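*Asks:* starting from these lines, generate the structure:
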Amino acid sequence: MIEQRVMGIDFGEKRIGIALSDPLLIFAYAHLTFENDNNIWKKLKNLIESKKVVKVILGLPNKDKNPELTEKVFLFKGELEKRFSLKVITWDERFTSLMAQARIIESVPKKKNRRDKGLIDRNSAAIILEEYLNSL
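*Replies:* Here you go, the predicted model:
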């Protein structure tokens, strides 16, 4: 069996949360958080190649609440498709940050460690990816 994975992305102007599926496309794991800087495409390329990513599920914010961010997500989607020749599916990300915070409160005992915004971003990406995988 060829080992392939699906990547979930929670896009933000400062940080990008990343989640990965297992090779059987059953589970989603919060993987890491990248700073959204000039090196983002190089970091994504390395991760996509090393983890054999074949598809990306990209969180799509509520257009009515944040039209500027929604536009940036679509620009990011276009760049992902162009640079990596991957299928990129947008997925409703409403409430994923709240769900991620609740998950973190349950699983991270120290309040100090819960304040890590990157932890929220990558857990939001995992929730986006979980919802997609559950729909298959």
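*Asks:* quick check: the nearest residue to Ile40 once chain neighbours are set aside vs Ile16, distance?
*Replies:* Among residues not flanking Ile40 along the chain, Phe34 sits closest, at 6.0 Å (CB to CB, 6 or more residues apart in numbering). Where C-beta positions appear, they are placed from N, C-alpha and C, glycine not excepted. Phe34 sits 5 Å away from Ile16, taking CB to CB, to the nearest Å as the criterion.
*Asks:* for this protein, what spans make up the strands?
*Replies:* For the chain, applying DSSP state E gives strands covering 5-11, 15-21, 28-35, 53-60, 87-92.
*Asks:* would you mind giving those strands as CSV with distance to Leu44 added?
*Replies:* Formatted as CSV, those follow (distance: least, CB to CB, whole Å):
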stretch, distance to Leu44
strand 5-11, 9
strand 15-21, 8
strand 28-35, 7
strand 53-60, 9
strand 87-92, 12
